[in-house]
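**Student:** Generate coordinates for the sequence data below:
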Amino acid sequence: MKNYLKKQVAKLHKRVKKIYSLEKQDLKIYFFESDKIAYYKRASEISLNFNKNILKLKKKHIKNIIIHEFAHYVVDHIHDFRARPHGKEWRSVMRALGAKEISATTTVMSTIQKNSNNVKCYCKCQERYISKNRATRIKNGTKYICRDCKTKLKLS
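**Tutor:** Just a heads-up that it's a prediction; the model follows:
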């Protein structure tokens, strides 16, 4: 499955070169264990970092997570690190790279974040995990709406 992930990144590099004329950079891929799902790092070396648990997901979800993180890399290089992390530029790149469901990426990622810091909640279409802070806000009256089914999130 790690090879699948690396092949997907290579395909994205080819697509980015065609669409944005962005040359391939030395992009490292790492796997880790923690409560995060994945992240893009731009320090001394540019890297995509994936939680080993994503390898247990369906390929379509893994592909969206890869595209999600790769889109951060592309946006940073196209916009000289000035674009918002999940702003309109990022969403545009996500679509151009073939992400099927932009909001579902976040949903899938939250469902595998089942750790002691997260609280189970649900809407009409699914069950998910949210942070304790967000759960406290819901208890205090803040309304959060599911991007997929447009219904209010409720605590379990």
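**Student:** can you list the domain ranges for this structure.
**Tutor:** The chain breaks down by automatic domain parsing into domains covering 2-102, 114-155.
**Student:** And the longest one, how far out from the chain middle?
**Tutor:** This means domain 2-102. In this view, domain 2-102 has its centroid 8 Å away from the chain centroid, taken as C-alpha atoms, centre = their mean, to the nearest Å.
**Student:** now do the last one
**Tutor:** On the basis of C-alpha atoms, centre = their mean, domain 114-155 is displaced by 18 Å from the centre of the chain it belongs to.
**Student:** and it, what's its mean pLDDT?
**Tutor:** Across domain 114-155, the average pLDDT comes to 85.
**Student:** repeat for stretch 80-99
**Tutor:** 87.
**Student:** Just the residues contacting it, thanks.
**Tutor:** By C-beta atoms under 8 Å, 6 or more residues apart in numbering, the residues outside stretch 80-99 that reach it are 12, 15-16, 19, 42, 64, 67-68, 70-72, 74-76, 78-79, 102, 105. In this view, the C-beta of every residue, glycine as well, is placed from N, C-alpha and C.
**Student:** cool, stretch 140-156 as well?
**Tutor:** Stretch 140-156 is contacted from outside by 103-104, 106-107, 119-128, 130, 134-135, 137-139, using C-beta under 8 Å, 6+ apart.
**Student:** Distance-wise, check residue 73 relative to residue 93.
**Tutor:** 9 Å (C-beta to C-beta, to the nearest Å).
**Student:** What of residue 72?
**Tutor:** Distance, residue 72 to residue 93, by C-beta to C-beta: 9 Å.
**Student:** Could you do residue 79 as well?
**Tutor:** Residue 79 is 10 Å from residue 93, by C-beta to C-beta.
**Student:** more neighbours, these two?
**Tutor:** Neighbour totals were compared for residue 79 and residue 93, and residue 93 leads with 23 against 14 (other C-beta atoms under 10 Å).
**Student:** So which residues of this structure form helices?
**Tutor:** Taking DSSP state H, the helices of the chain run over residues 2-20, 59-78, 88-96, 102-111, 132-139.
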